[in-house]
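A.B. asks: Return a 3D structure for these sequence lines:
(6 chains, ligands or ions: 6)
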Amino acid sequence: MIETVIRKRIEILADTPLVRLITATIDAAGITGWSVLPVTSGKGRDGLWKEEWVTGSDKSLIQAISSQEKATRLAEALAQMLTSHGLLLTMWDVEVIRGERF
Amino acid sequence: MIETVIRKRIEILADTPLVRLITATIDAAGITGWSVLPVTSGKGRDGLWKEEWVTGSDKSLIQAISSQEKATRLAEALAQMLTSHGLLLTMWDVEVIRGERF
Amino acid sequence: MIETVIRKRIEILADTPLVRLITATIDAAGITGWSVLPVTSGKGRDGLWKEEWVTGSDKSLIQAISSQEKATRLAEALAQMLTSHGLLLTMWDVEVIRGERF
Amino acid sequence: MDPTALATLTSPVILFFILGVIAALLRSELAIPEAIAKGMSLYLMIAIGMKGGVAMATSGIDGQVLSALGVGILASFLIPFGAFAALRLFARLDQVNAGAVAAHYGSVSVVTFVTATEILKVEGMPVAGYMVAVLAVMETPAILSGIFLARRGQARKHAGGELWREVFLNASVVLLLGSFAIGYIAGPEGFAAVQPVFEGGFKGVLCLFLLDMGVLAARRLMASKAVTPRLVLLGILMPLANGALGTLAGTAIGLDAGSAAALGVLCASASYIAVPAAMRLAVPQADPGIYLTMSLSVTFPFNILVGIGLIAWLARWLSGA
Amino acid sequence: MDPTALATLTSPVILFFILGVIAALLRSELAIPEAIAKGMSLYLMIAIGMKGGVAMATSGIDGQVLSALGVGILASFLIPFGAFAALRLFARLDQVNAGAVAAHYGSVSVVTFVTATEILKVEGMPVAGYMVAVLAVMETPAILSGIFLARRGQARKHAGGELWREVFLNASVVLLLGSFAIGYIAGPEGFAAVQPVFEGGFKGVLCLFLLDMGVLAARRLMASKAVTPRLVLLGILMPLANGALGTLAGTAIGLDAGSAAALGVLCASASYIAVPAAMRLAVPQADPGIYLTMSLSVTFPFNILVGIGLIAWLARWLSGA
Amino acid sequence: MDPTALATLTSPVILFFILGVIAALLRSELAIPEAIAKGMSLYLMIAIGMKGGVAMATSGIDGQVLSALGVGILASFLIPFGAFAALRLFARLDQVNAGAVAAHYGSVSVVTFVTATEILKVEGMPVAGYMVAVLAVMETPAILSGIFLARRGQARKHAGGELWREVFLNASVVLLLGSFAIGYIAGPEGFAAVQPVFEGGFKGVLCLFLLDMGVLAARRLMASKAVTPRLVLLGILMPLANGALGTLAGTAIGLDAGSAAALGVLCASASYIAVPAAMRLAVPQADPGIYLTMSLSVTFPFNILVGIGLIAWLARWLSGA
Ligand SMILES: Nc1ncnc2c1ncn2[C@@H]1O[C@H](COP(=O)(O)O)[C@@H](O)[C@H]1O
Ligand SMILES: Nc1ncnc2c1ncn2[C@@H]1O[C@H](COP(=O)(O)O)[C@@H](O)[C@H]1O
Ligand SMILES: Nc1ncnc2c1ncn2[C@@H]1O[C@H](COP(=O)(O)O)[C@@H](O)[C@H]1O
Ligand code: NA
Ligand code: NA
Ligand code: NA
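C.D. replies: Ligands and ions are numbered 1, 2, ... in the order given. Alright, predicted model coming up:
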């Protein structure tokens, strides 16, 4: 049977203009990689938005996989920004193969 | 160390024309927000589909984060629609920061 | 209260030209369906990429839900490809409704 | 058929549709990005709407406009009942699916109409500008009939507000009527400045859109499991019958040959944009594998390749009689 | 106002904006795909840039170019200070939000400028090519003033490199200046081959883009909670004041009527592309629900529907005096 | 070089490529949305295909067509062997990577070809319509050679059906041949109605596409780690050698100067659309960081900025001799 290990999967929802700032923080936390997915529309305390690229107020979803330890380091690095920049961070345990990469 | 709490992450895959119906149900369950991601192609019992925007048979992925209690309420509200409207609902526990929001 | 069962959610990040190969492997593992989401940009050991459709080096995220058993079968079938084709596979337990489908 | 029918089949518009079909049959990965296809679809509606409005600004409103609108609305309401009967009795479809399919055949396909106007123009039977308004008003009534037929005797489902918004304010209706009004207000002088985009670009964009439609239609047909031979047959017979009746009605109320043919094409065509979205909300149990495959993969190609030509021939014959 | 103002309101460009507003008010699902809207926005910047460069290649560089550039840069720097004072004192906005809003009003809206050049051309007051360069240089200074005002007396935030890249090398500035340079180098002969796309297509694309802007502006206004009546009032008074001052300044340094009006429009317009992105990075605590709603849903429609006409009238009156 | 070479460098097409490179070097966020870039790429293939088909419908088929096709197929098959040897011996690349890179250089770049036809037209050396068919048939043979070279002596990998579909039915080949056939069938009369889109829009779209290519090429080069100086050198020497040989062969079989130059450009160009996708499937262990960077960031810019000019000069010199 195939060997899997447990790692953290972290997902951050953020305004698209903030993506480079956040990925720089991910890099700084020593995490090896990340991926960005588009988001079409959403609703939060600020109300509804939809494909508002033109104003830069559309969102992106940033995914990263890392060890528990680096995930905590990232969460701490982002903690202040969460409120000020309106980020949404979730993380959970996933099984990965080739876990030594992360 | 940063404080995290456990919340439910709910993801619903649905035909794009149904998105407004589902997000209205999410709102009605008292959940504070949601996000919609595009889906490019897929396969299910109805066979393969691919970028079929023109026919409205493309899909979207709706994400929401909420307390266990509201998540259950939402699942119950959507239960009948799951079969009739061909929805796919998954949910799991995630760690979030600033958990009081949800 | 609504009845949920536990299934595996598997997500595979891959180069878009490889998607058909991977979904064929999912089909072969007896899993009933899958969905593909677009990915906008990312960073890994190969460095940064961004919307490089033109070169076919953009990525897609393939999601599938299945029983534990079929998930393991899929992971085994993909194991060799993971390194050679640079795939990223994560999986975790999710609650689903209408679990008999998977 | 006369030689113009062959000219039709060598027109780039039709050839690109065929290329799309061939690419899909060969299982090539060819795909026009969804955003581009959607953009082209919006463009076609805006362009056809404006051109219709400009034409009516030139020709003025007369009694024929109103009678054409009246006949169009009536046809859209009534066609689903005939279609429902045929689907139930001949194809043995259950009530819900028969109602959903019937709605598609009462409503209209914008691209079929657009292709027909291009073909009819080449054949010397130009379509009057107000027919775009007829196109717009025929989108919706059939949806109401179809929902009534599909739901008759069943418990009401929710999805109220959402559904009625989708039925009456779907993007096609808003764009067609809105651009028609803009064309009418701006008139030929206002249109001149945007003509390179909305007239010069029209036929080329239609080619690209039909390429995509060919791919989608063929891909869906290959993946289809739920469509029986009897349904395929109805997917050809219904446009023939509705097309003939529409052309007759158009001629009867005194439309010119081109406009009568266009009315016939509207009756013959089946929706695959507005109606499927409404049916997902109103009759979710109905199987898109049936209604989409019939309208997109059977009736649409039939109309593009054969139906429009037959209707044009009928309209000319009637007007010549 | 003279009859040309009415001609403006029946121009397709404006009518499509109004159609978008109506569609959003009716809560129709009408939406232009994001990729298409973004593509059109890039196209408009490139086209206006090239046309400006080609025009300057024909007319040559003279002293007026430099004084127009100088006045533009100065206005972009200074307008935020006046706006900040008004927002603080009259609308009682807190420092951070007042600074962020002020930055938007000092900077410029490309589409407002583009719409103005089309309208001014029709009214017989063509805008000089170099005004595109003025447009480009006015994007950035206001961002610096706004950040200074919003952050004054507060602890420095991080986001350094990222922010300055966004401020000085945002896509609008690079594209506008780049295409301006290309138009200047290529000249009228080089431009001829690309003219069908960048000139023929221009007004049609502008129509489609304004349709989308109308939808966005109205949708945002309906969802808005944070914008008070006093802010709405300022969203109308600020473009009036800045527009009048800009037109006066333009006339004073000897610009022709069209170019003076264009400078007025630049001063009157508020950014909703480059500045919001920079503010998310520089002043993340500022509420986009305030600055975006004001610039996109109040000032932008006001300028398109009323402001440009008033400024054109003022410029003509001044030049005639 | 003669003065026309300078004219080339001031053509908007080339200037937009340079603007893209500069924007990327400045690390500006400038990006054309993926869907738009993909749509433009499909458009360029369809437009060049149709124009080629229409041209051949006018000129008819003669012996030169067949010999040009034959030489093209042969060149595409053989070039990878030479490239493989150079990559192994001079750049010390391992077998798998050398085979993958070699495949790219045997195959062709549609945009390089398209740019060359525009430049050659301006220089008075128009390219014959059938060269589009040569372009289409040169896509695939090199992939077969490259896979053979990369896999020789190794265990067969799976990915069978998928791979061969990608190799023989990739979207480029289907679209180029399909539109060529449509242009041929429709002829000049059928083409007239779509001319505004497929001919009027061509050069403008090419500008926008090259802007995006400039950004991608420069961004990739900056991020590249795996490309050694020797590989960069080969990325310039291979197009020089292959371009000269192709031009010679074209002249030898009696092609006119423009078509001989186009054949040279096809040999000189390296694929970055069809081949990378096939290599991901066929030789997944090969590093895209090598083959993409070489073809997209070294050879493509070299050909656009220098190579096409040199080949044009050679072809004119040979034809004059
Ligand atoms: N740790 C990670 N978390 C999330 N995505 C990753 C991670 N590492 C790599 N990726 C994604 O996988 C792609 C290929 O990674 P690699 O194989 O390391 O070059 C990258 O371009 C990213 O999109
Ligand atoms: N509970 C939630 N679940 C999922 N997404 C959310 C949730 N709340 C907010 N969002 C997303 O986060 C964005 C910003 O939310 P907010 O900061 O509350 O305005 C919204 O526009 C949504 O896209
Ligand atoms: N097991 C699965 N895992 C992930 N996505 C699925 C799965 N089954 C179905 N889907 C998605 O749900 C859509 C509808 O499925 P179905 O209702 O089975 O036709 C499919 O087109 C897929 O996009
Ligand atoms: Na019909
Ligand atoms: Na301003
Ligand atoms: Na080559």
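A.B. asks: can you tell me the residue of the stretch 51-200 of chain D closest to chain B?
C.D. replies: Going by Cβ to the nearest Cβ, chain B is nearest to D:Glu162 of the stretch 51-200 of chain D, at 5.1 Å. To be clear about C-beta, it is placed using only N, CA and C from the backbone, and glycine gets the same treatment.
A.B. asks: ugh, wrong one, the stretch 1-150 of chain D
C.D. replies: For the stretch 1-150 of chain D, Cβ to the nearest Cβ, closest residue to chain B: D:Glu34, 4.2 Å.
A.B. asks: what's the neighbour count on that residue?
C.D. replies: 22 (other Cβ atoms under 10 Å in any protein chain shown).
A.B. asks: mind checking how far it is from C:Asp15?
C.D. replies: Relative to C:Asp15, D:Glu34 is positioned 20 Å away (Cβ to Cβ, to the nearest Å).
A.B. asks: again, but for D:Gly161
C.D. replies: Taking Cβ to Cβ, one finds D:Gly161 at 43 Å from C:Asp15.
A.B. asks: before we move on, what about A:Ser84?
C.D. replies: The gap separating A:Ser84 from C:Asp15 is 36 Å, by Cβ to Cβ.
A.B. asks: need the next SSE after the helix or strand containing D:Val205, C-terminal direction.
C.D. replies: For D:Val205, the host element (DSSP states H and E) is helix D:202-223. The element immediately downstream of helix D:202-223 (helix or strand, assigned by DSSP H and E) is helix D:229-252.
A.B. asks: By mean pLDDT, point me to the weakest helix or strand of chain D.
C.D. replies: helix D:3-9 (a mean of 62; mean pLDDT, DSSP states H and E).
A.B. asks: err, chain A, not the other one
C.D. replies: For chain A, judged by mean pLDDT, DSSP H and E, that is strand A:47-50, with a mean of 82.
A.B. asks: related to what we said a few turns ago, ok, then the element right after the least confident helix or strand of chain D?
C.D. replies: helix D:12-25.
A.B. asks: Which one's more surrounded, A:Ser84 and C:Asp15?
C.D. replies: Between A:Ser84 and C:Asp15, counted using other Cβ under 10 Å, the more crowded position is C:Asp15 (23 against 11).
A.B. asks: For chain C, give me its nearest residue in the stretch 1-150 of chain D.
C.D. replies: Closest point on the stretch 1-150 of chain D to chain C, by Cβ to the nearest Cβ, is D:Glu29, at 7.8 Å.
A.B. asks: Was I right to think that residue contacts F:Asn170?
C.D. replies: Yes - with contacts counted by Cβ atoms under 8 Å, D:Glu29 reaches F:Asn170, the gap being 6.8 Å.
A.B. asks: Can you list the buried residues in the helix holding D:Val205?
C.D. replies: Residues D:202-221, D:223 are the ones in helix D:202-223 that count as buried (16 or more other Cβ atoms under 10 Å in any protein chain shown).
A.B. asks: could you list every residue that touches D:Phe90?
C.D. replies: D:Arg230, D:Leu234 (Cβ atoms under 8 Å, 6 or more residues apart in numbering or on different chains).
A.B. asks: Give me the pLDDT value at it.
C.D. replies: pLDDT recorded at D:Phe90 is 97.
A.B. asks: Let's check: the centremost residue of chain D is which one?
C.D. replies: By Cα atoms, centre = their mean, chain D has its centre lying nearest to D:Ser109, at 1.6 Å.
A.B. asks: mind listing what that one touches?
C.D. replies: D:Ser269, D:Ala270, D:Ser271, D:Tyr272, D:Ile273, D:Ser295, D:Phe300, D:Asn303.
A.B. asks: for D:Met45, same thing?
C.D. replies: The contact partners of D:Met45, by Cβ under 8 Å, 6+ apart, come to D:Val110, D:Ser172, D:Leu175, D:Leu176, D:Ser179.
A.B. asks: Check whether the closest residue to it other than its chain neighbours sits in a helix, strand or coil.
C.D. replies: Nearest residue to D:Met45 in three dimensions, chain neighbours excluded: D:Leu175, at 4.5 Å (Cβ to Cβ, 6 or more residues apart in numbering or on different chains). The three-state assignment at D:Leu175 reads helix, by DSSP: H, G, I helix; E, B strand; the rest coil.
A.B. asks: Could you give me the buried positions within the lengthiest helix in chain A?
C.D. replies: If you go by DSSP state H, chain A has its longest helix at helix A:68-84. For helix A:68-84, burial by neighbour count (16+ other Cβ under 10 Å) applies to A:Lys70, A:Ala71, A:Thr72, A:Arg73, A:Leu74, A:Ala75, A:Leu78, A:Met81, A:Leu82.
A.B. asks: Provide a list of residues in contact with the closest residue to ligand 3 within the stretch 1-150 of chain D.
C.D. replies: Taking Cβ to the nearest ligand atom, ligand 3 has its nearest neighbour within the stretch 1-150 of chain D at D:Glu34, 14.6 Å off. Each residue near D:Glu34 by Cβ under 8 Å, 6+ apart is listed here: B:Thr40, B:Glu51, B:Trp53, B:Asp58, E:Pro33, F:Ala35.
A.B. asks: would you turn those residues into TSV with distance to F:Gly250, secondary structure and neighbour count?
C.D. replies: Formatted as TSV, the contacts of D:Glu34 follow (distance: Cβ to Cβ, whole Å; DSSP: H, G, I helix; E, B strand; the rest coil; neighbours: other Cβ atoms under 10 Å in any protein chain shown):
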residue	distance to F:Gly250	secondary structure	neighbour count
B:Thr40	42	coil	22
B:Glu51	40	coil	21
B:Trp53	44	helix	20
B:Asp58	47	coil	21
E:Pro33	43	coil	24
F:Ala35	37	helix	25
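A.B. asks: Return, as residue ranges, the portions of the chain with sub-threshold pLDDT.
C.D. replies: Going with chain A. Residues of chain A meeting the criterion pLDDT under 70: A:1, A:51.
A.B. asks: actually chain D
C.D. replies: In chain D (pLDDT under 70), the answer is D:1-7, D:155-160, D:321.
A.B. asks: Name the SS class of the residue lying closest to A:Arg45 once chain neighbours are set aside, please.
C.D. replies: Of all residues not flanking A:Arg45 in the chain, B:Thr32 sits nearest, at 6.7 Å (Cβ to Cβ, 6+ apart). Here B:Thr32 is recorded as coil under three-state DSSP.
A.B. asks: B:Thr32 - how many residues pack around it?
C.D. replies: 15.
A.B. asks: from memory it sits against A:Asp46, does it?
C.D. replies: No - applying Cβ under 8 Å, one finds B:Thr32 not in contact with A:Asp46, separated by 10.9 Å.
A.B. asks: That'll do, ta.
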